[in-house]
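Novice: heads up, no residue letters with this:
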């Protein structure tokens, strides 16, 4: 009887291991819909303070992650831009509403507008996908609290043809302190 109990225990472990590991397949990116790989030529992260002239981090600051595509081709260049409110939650996947296309720019935003995304299609149509953007899901994975710290996000872009870009991007943060112009009235 001990042998039968041991066999049952081993079978249970094997079943749990196979369920945990999954099938190893990727039905969303099968051979008919190859995944998209976008490697930016540069990645930049900026913080725009809520109050002009302020160097301190505060509620209302806006964080931007900008990814520039190939630049060894004729302009315009492909640009992925993510604007984040300081209140954005980390490690939470947020689906965005894809808006209308204006020229070569497609925009998307969260319901509360705390996350805004734009895709500017460049002259190299093979760099991303030539079909329209169907959905955007953003997961902010790190939000800096000081200059030099990383601003990171996972972007999952699905295009009308079913192809998917699912990659994480990061860049060290630089603050852009906007100076205030004093308006003096003439005597």
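Specialist: Ah, there it is. Quick caveat, the model's predicted, so the values are computed rather than measured.

Novice: tell me the SS of residue 70?
Specialist: Here residue 70 is recorded as coil under DSSP: H, G, I helix; E, B strand; the rest coil.

Novice: surely it meets residue 124?
Specialist: Yes - shown here, residue 70 and residue 124 form a contact pair, counting by Cβ atoms under 8 Å, at 5.6 Å. Placement of C-beta: from N, CA and C, glycine included.

Novice: give me the longest strand you can find in the chain.
Specialist: strand 164-175 (DSSP state E).

Novice: now do the buried residues in it.
Specialist: Neighbour-count burial for strand 164-175, counted by 16 or more other Cβ atoms under 10 Å, picks out 164-167, 169, 171, 173, 175.

Novice: contact partners for the closest residue in space to residue 121 that isn't next to it in sequence?
Specialist: Of all residues not flanking residue 121 in the chain, residue 104 sits nearest, at 4.4 Å (Cβ to Cβ, 6 or more residues apart in numbering). Taking Cβ atoms under 8 Å, 6 or more residues apart in numbering, we find residue 104 in contact with 76, 120-122.

Novice: three-state assignment of the residue most central in space within the chain?
Specialist: The centre of the chain sits closest to residue 155, judged by Cα atoms, centre = their mean, with a distance of 3.2 Å. Assigned state for residue 155: strand (three-state reduction, three-state DSSP).

Novice: how near is it to residue 108?
Specialist: 10 Å (Cβ to Cβ, to the nearest Å).

Novice: between those two, what contacts are shared?
Specialist: In contact with both residue 155 and residue 108: 117, 136, using Cβ under 8 Å, 6+ apart.
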